[in-house]
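Trainee: Just need the structure, nothing else, for what follows:
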Amino acid sequence: MGIIVTIIVGFIVGLLARAIMPGNQSMGIIMTTILGVVGALLASYGGAALGLYPAGAPVGWIASILGAIVVLFIYGLVTKKG
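Mentor: Numbering: from 1, shown residues only. So this is what the prediction gives:
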């Protein structure tokens, strides 16, 4: 059951990150979900490692969205067509 919840939360976080980030991010539902999951994991482990907040804290949602925005920014740099 944990993996399904992770995928759902990742999708929501990915959608929110894409809505907040300016510009046109042309990616499908699978890439949006992967973006959200990677951003959430990045923020979760990063925040816990730095001792900023405990696991399961509500601030984890905000950190997950910020992590997904960072991943989205990096994804945009890597896939930029020049």
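Trainee: Please count neighbours and contacts with C-alpha atoms only from this point.
Mentor: OK.
Trainee: Against residue 80, how distant is residue 60?
Mentor: Separation of residue 60 from residue 80 (C-alpha to C-alpha, to the nearest Å) stands at 29 Å.
Trainee: And these two? Which one has more around it.
Mentor: In terms of neighbours (other C-alpha atoms under 10 Å), residue 60 is the more surrounded of residue 60 and residue 80; the figures are 19 against 8.
Trainee: Now do the same contact list for the more buried one.
Mentor: Contacts of residue 60 were listed using C-alpha atoms under 8 Å, 6 or more residues apart in numbering, and they are 43-44, 53.
Trainee: can I get these in CSV with neighbour count and secondary structure?
Mentor: What follows is these, written out as CSV (neighbours: other C-alpha atoms under 10 Å; DSSP: H, G, I helix; E, B strand; the rest coil):
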residue, neighbour count, secondary structure
43, 22, helix
44, 22, helix
53, 16, coil
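Trainee: Specify which member of these is nearest to residue 76.
Mentor: Residue 76 lies nearest to residue 43 out of the contacts of residue 60, by C-alpha to C-alpha, at 18.8 Å.
Trainee: Wait, that closest one touches residue 64, no?
Mentor: Yes - between residue 43 and residue 64 a contact is recorded at 5.2 Å, counting by C-alpha atoms under 8 Å.
Trainee: Work out the gap between the one helix or strand residue 5 maps to and the centre of the chain.
Mentor: For residue 5, the host element (DSSP states H and E) is helix 2-20. Centre-to-centre, helix 2-20 and its host chain are 7 Å apart (C-alpha atoms, centre = their mean, to the nearest Å).
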